[in-house]
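K.L.:
Predicted model and sequence follow; I will ask about them next.
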Amino acid sequence: MVPAYQQFYMPVLEAMKDGGIYNRLQVAEKAADIMGLAESDKAERIPSGGDTTYMNRAGWAMSYLKQAGALVSQKRSQWKITERGLELLKKYPSGFSNEQLQQFREFVSFTERRRTRSGQSLESGHDLTDLTEAGSVDELIDAAVENNLANISADLVNKLKDYNPYAFEELCVDLLLAMGYGGSRREFAAVTKKSGDGGIDGLVKQDALGLRNIYIQAKRWSGAVTEKVVRDFLGALAADKVADGVIITTGQFIDGAKKLAESANANISLIDGNRIVELMIKYHVGVEVARTVEIVKVNEDYFESL
């Protein structure tokens, strides 16, 4: 497990105590070695899949130490420890945190500016500095996004379970259209008037003449979907000489149903309750973007190159 970014303070300074000039990558690598991070820890990435966690946290540690006057970056990607940084190493050989950095006026001003910008959390009463004790600001943002998606996913699952069966069929057709099947024209897709008994609940035309169609079976099953459902659907496809089909359910497919679909001559895709929610969010079916936030950060390379 990768330690919190504040636990990188001492290793970062230790890595630079010889007074040499280092870039961020070099400092992060040396700090990781000093901390004894395993290769599995170094391979861990922040939730968004961008930086590795240890590189991200080491980078934030360097930025905070710079605010406290313990590091300087005079030229492009060139960092160096200061006398204050060396003094911190001597004074706190076992490590230190933001609490100890509060002794420096520059760091106090920095944290006060952050509190002014971030405000207080309405629920917890903590500011952004408190909320990022374990990770970095990047990780806090990623965690908030993941938490939002989890909440929306749970809400969608509940709505689909109570949704009108025929409206659910319409939703499934809308989803395939949103994914690019049949184009954007609504007349290229339809919900059939007759459904059930392994029949077709809807179809999407892959071309204007309807020579290549995708058949859809959309059911709000609350439990497991068995092989029989897949077998009956395959029979309906064969009867109409259709090669492509999708079975969409709010439930789950048992292993036997999945194996039958994989071994079938027709191209069958199985979409369960978890997957349909993911697709609805990705293609904005039944959801909308409530807010777009632009995240900015200081371009260190710009200032270091001046």
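P.N.:
Now that the structure is in, tell me what you want to look at. This is a predicted model, so every value here is computed, not measured.
K.L.:
from here on, contacts and neighbour counts on C-alpha atoms
P.N.:
OK.
K.L.:
which parts of stretch 172-184 are buried?
P.N.:
Residues of stretch 172-184 classed as buried: Cys172, Val173, Asp174, Leu175, Leu176, Leu177, Ala178, Met179, Tyr181, Gly182, Gly183 (neighbour count, 16 or more other Cα atoms under 10 Å).
K.L.:
what about the fifth one, helix or strand, and which?
P.N.:
Element membership of Leu176, judged by DSSP states H and E, is helix 165-178.
K.L.:
Which neighbouring elements make contact with that helix?
P.N.:
Packing partners of helix 165-178 (3 or more Cα pairs under 8 Å, 6 or more residues apart in numbering; DSSP states H and E): strand 189-191, strand 202-205, strand 213-219.
K.L.:
Put together CSV for the buried residues of stretch 172-184, with pLDDT and distance to Ser222 on each row.
P.N.:
Shown next, in CSV, are the buried residues of stretch 172-184 (pLDDT from 0 to 100; distance: Cα to Cα, whole Å):
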residue, pLDDT, distance to Ser222
Cys172, 90, 16
Val173, 88, 20
Asp174, 90, 21
Leu175, 92, 20
Leu176, 90, 22
Leu177, 88, 25
Ala178, 90, 25
Met179, 89, 25
Tyr181, 85, 27
Gly182, 77, 29
Gly183, 66, 31
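K.L.:
Could you say which helix or strand holds Asn56?
P.N.:
Element membership of Asn56, judged by DSSP H and E, is helix 53-67.
K.L.:
what residues does that helix touch?
P.N.:
Residues external to helix 53-67 that are found in contact with it (Cα atoms under 8 Å, 6 or more residues apart in numbering): 2, 4-6, 8-9, 12, 24-25, 27-29, 31-32, 41-46, 71-73, 106-107, 110, 135-136.
K.L.:
Narrow these to those in helices?
P.N.:
Applying DSSP state H to the contacts of helix 53-67, the entries found in helices are 9, 12, 24-25, 27-29, 31-32, 41-43, 106-107, 110.
K.L.:
how many other residues sit next to the nearest residue to Glu29 once chain neighbours are set aside?
P.N.:
Distance criterion Cα to Cα, 6 or more residues apart in numbering; nearest residue to Glu29, sequence neighbours excluded, is Met55 at 7.9 Å. Residues near Met55, counting by other Cα atoms under 10 Å, number 22.
K.L.:
Distance to Leu140 for the buried residues of stretch 172-184 - can I get that in CSV?
P.N.:
Shown next, in CSV, are the buried residues of stretch 172-184 (distance: Cα to Cα, whole Å):
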residue, distance to Leu140
Cys172, 34
Val173, 36
Asp174, 34
Leu175, 31
Leu176, 34
Leu177, 35
Ala178, 31
Met179, 31
Tyr181, 36
Gly182, 40
Gly183, 38
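K.L.:
Where does pLDDT dip in the stretch 51-200 of the chain?
P.N.:
For the stretch 51-200 of the chain, residues meeting the criterion pLDDT under 70 lie at 75-76, 114-137, 139, 143, 183-190, 192-199.
K.L.:
all strands for it, in order.
P.N.:
71-75, 78-81, 189-191 (DSSP state E, counting those that start in this stretch).
K.L.:
and of those, who's closest to Asp51?
P.N.:
Closest approach to Asp51 among the strands of the stretch 51-200 of the chain (Cα to Cα): strand 78-81, 19.7 Å.
K.L.:
how's this protein carved up into domains?
P.N.:
Structurally, the chain divides into domains by automatic domain parsing as follows: 5-148, 163-271.
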